[in-house]
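J.: Next comes the sequence, and after it the predicted model I'd like to discuss.
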Amino acid sequence: MTHTWFIARRLYSQGGNSRRASRSAIVIATAGVALGIAIMIISISVVLGFKHEVQRKVTGIGSHIQIVNYQSLYDTESLPIVISDKLLHNLRHVKGVSSAHRYCTKTGMLKTDEAFQGVMFKGIDADYDLTFLRNSLVGGEIDQPFSATASTDRLVISKTLAQQLHLSVGSRLYAYFFDETLRARRFTVAAIYETNLTEYDSRLVFCDMHTIHRLLDYEADQSSGAEVCLSGMDYLPMVSERVQRTVNHQQDRYGAPYSSPTIRDQYPHIFAWLDLLDLNVIVILVLMLAVAGFTTISGLLIIILERTQFIGVMKALGAANRPLRHIFLWYALMLVVRGLLVGNLLGIGLCLVQQHFGLVHLDAATYYVDRVPVLISWSWVLIINVGTLLLSTLALLLPTLLVSRIRPARAIRWE
């Protein structure tokens, strides 16, 4: 192996100074591998970024798992269910659960002097994790948690609703709730958020759970449900199964049946779209591997043909076919490794530029994000590089068989 590696390295160092076709073959082979690696890294990073960003937004407001009254799944209004302190305590100690909290929801109408809009009021308490909501703010601030025992008349609305109703931070407006009688509450806009998720931004507002709980006339231990937030989507199957065993087919002390839909159950169209992206990536990976393999094989064939005289002389001096094949295999692997280095620098570099500067923008109404999200997975980068190197090595075994068919007498006379 030592002498074949030495000869291959000498041939490689002279490759750029040999015939014109050989120089072109080296450049094309290296560019083919580099382009394939760069596109594969960018494709994987963009898809992972899309999935992470969209899932983060959907679960940031809607949570990973909800525990609700089973009949609420088929009703426009939420129905009460008992969420005991013991149940919340048990949920919070399940592996993968980051938080669990009660909430109350009620439909109503926001009205200003210029316009009005029907919305869903979501009452939250001090246990609600405000991290995502605070990170999504485009105006105002949430300086203190919401309460389940007192009303502060603070309201957090979306940028979409603020534009429709001509509101800004500090604006005062009335909200109307229609039951047997018309009830009104006055709120002050404390903050404005934006998620670019139309289903949320067009109708969801946040306020104290105490206010909504009183409007719903629930008992003290009742609420619209509980939200269970996880540390990541990877925990969803395990935690969902655990929650289903705990609450499904059970009833609270008022006879209301429990149900525990996951975020995938509530928004199947979004997750179906994200799953479809995986198929697109598989197609791109296959095509890029084919391009890298084809250009490398073509380049190696050209190099072998141009080195026919060299092969003939080596055979005349007693060299066997196997070490000669190893020489050109090492030669080709040097091209592949060089292409891998260039491709990684190009692919990772472009991903880092997009990640930090967001140069490529998108239509947020269609894609839920306003710029192409990028998430570099170093494990996937390693898999792509190792996989490309292994597949290229296997593919290069075929053209090296041409060495065995070259006869010394005819090769030495090769022009």
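T.: Here it is on my side, so go on.
J.: make it CA atoms for all contacts and neighbour counts henceforth
T.: Will do.
J.: Might one say that Thr211 is in contact with Leu155?
T.: No. Thr211 lies out of contact with Leu155 (CA atoms under 8 Å); the separation is 11.0 Å.
J.: Of these two, which one has the most company?
T.: Leu155 (25 against 22; other CA atoms under 10 Å).
J.: Quick check, the more buried one in contact with Tyr193.
T.: No. Look at Leu155 against Tyr193 with CA under 8 Å: they stay out of range, at 10.9 Å.
J.: Just the buried residues of the strand or helix carrying Val283, please?
T.: Counting by DSSP states H and E, the element that carries Val283 is helix 268-306. Within helix 268-306, the residues that count as buried by 16 or more other CA atoms under 10 Å are 270-271, 274, 277-278, 281, 284-285, 288-306.
J.: Can you name every helix or strand that the next helix or strand after it contacts?
T.: Next helix or strand after helix 268-306 toward the C-terminus (DSSP H and E): helix 308-316. Here helix 308-316 is seen to pack against helix 408-412 when contacts are counted using 3 or more CA pairs under 8 Å, 6 or more residues apart in numbering; DSSP states H and E.
J.: Quick one: residues in contact with whichever strand or helix holds Tyr174.
T.: For Tyr174, the host element (DSSP H and E) is strand 172-178. The contact list for strand 172-178 (CA atoms under 8 Å, 6 or more residues apart in numbering) reads 107-112, 182-189.
J.: do that again at 10 Å, thanks
T.: 106-113, 116-119, 121, 153-155, 165, 167, 182-190, 215-216 (CA atoms under 10 Å, 6 or more residues apart in numbering).
J.: Restricted to strands, list those.
T.: Counting by DSSP state E, the contacts of strand 172-178 place 106-111, 116-119, 121, 154-155, 182-190 in strands.
J.: Surely Ile157 is in a strand?
T.: Yes. Counting by DSSP: H, G, I helix; E, B strand; the rest coil, Ile157 is found in a strand.
J.: Okay, it and Arg186: tell me how far apart.
T.: Going from Ile157 to Arg186 by CA to CA, to the nearest Å gives 14 Å.
J.: Point me to the residue sitting closest to the centre of this protein.
T.: Lys51 (2.4 Å; CA atoms, centre = their mean).
J.: what pLDDT does the closest residue in space to that residue that isn't next to it in sequence get?
T.: Spatially, and ignoring its direct neighbours in sequence, Lys51 is nearest to Leu274 (6.2 Å; CA to CA, 6 or more residues apart in numbering). We have a pLDDT of 86 for Leu274.
J.: try Ala220
T.: pLDDT at Ala220 comes out at 88.
J.: list the contacts for it?
T.: So Ala220 contacts 82, 213-214 (CA under 10 Å, 6+ apart).
J.: From the residues you listed, which land in helices?
T.: Counting by DSSP state H, the contacts of Ala220 place 213-214 in helices.
J.: from the contacts of Ala220, which would you call buried?
T.: 82, 213.
J.: Just name the closest of the contacts of Ala220 to Leu398, please.
T.: Val82 (69.0 Å; CA to CA).
J.: Not counting sequence-adjacent ones, nearest residue to that closest one?
T.: Nearest one to Val82, counting by CA to CA, 6+ apart, is Gln222 at 4.5 Å.
J.: Confirm for me that that neighbour is in contact with Ala148.
T.: No. If you go by CA atoms under 10 Å, Gln222 and Ala148 don't touch, sitting 12.0 Å apart.
J.: hey, what's in contact with both of these two?
T.: Listed as contacting both Gln222 and Ala148 by CA under 10 Å, 6+ apart are 102-104, 213.
J.: Just those residues: which are in strands?
T.: Reading strands off these with DSSP E, I get 102-104.
J.: Who wins on neighbours among those residues?
T.: Neighbour max across those (other CA under 10 Å) = Cys104, 29 neighbours.
J.: residues in contact with that residue?
T.: Here Cys104 is in contact with 78-80, 121-125, 148, 207-216, 218, 222-226 (CA under 10 Å, 6+ apart).
J.: Of those, select the buried ones using a ChimeraX command.
T.: Of these, the buried ones go into a single ChimeraX selection, burial set by 16+ other CA under 10 Å:
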select :78,79,80,121,122,123,124,125,148,207,208,209,210,211,212,213,215,216,218,222,223,224,225,226
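J.: Looking at the contacts of Cys104, which are in strands?
T.: Applying DSSP E to those, the entries found in strands are 121-124, 207-208, 222-223, 225-226.
J.: how much space between Leu345 and Ile42?
T.: 11 Å.
J.: who has more neighbours, those two?
T.: Applying other CA under 10 Å to Leu345 and Ile42 shows that Ile42 carries more neighbours, namely 22 against 15.
J.: Identify the residues contacting that one.
T.: 48, 344, 346-351, 374-376, 381.
J.: Ile192 and Ser171 touch, don't they?
T.: No. With contact defined as CA under 10 Å, Ile192 and Ser171 do not form a contacting pair (11.1 Å).
J.: Give me the more crowded residue out of these two.
T.: Using other CA under 10 Å as the criterion, Ile192 and Ser171 rank with Ile192 on top: 26 against 14.
J.: so how far is Glu53 from that one?
T.: 20 Å.
J.: What of His89?
T.: Distance from His89 to Glu53, by CA to CA: 29 Å.
J.: Tell me the strands beside the strand holding Tyr174, with direction?
T.: Strand 172-178 has the following sheet partners, assigned by DSSP bridges: strand 97-111 (antiparallel), strand 182-193 (antiparallel).
J.: In it, which residues are buried?
T.: Neighbour counts over strand 172-178 (16+ other CA under 10 Å) mark 172-173, 175-177 as buried.
J.: Count the neighbours of the closest residue in space to Thr295 that isn't next to it in sequence for me.
T.: Closest residue to Thr295 apart from its sequence neighbours, by CA to CA, 6+ apart: Ala29 at 4.9 Å. Other residues near Ala29 number 26, with proximity taken as other CA under 10 Å.
J.: Just confirm Ala29 is within a helix.
T.: Yes. Ala29 forms part of a helix when assessed by three-state DSSP.
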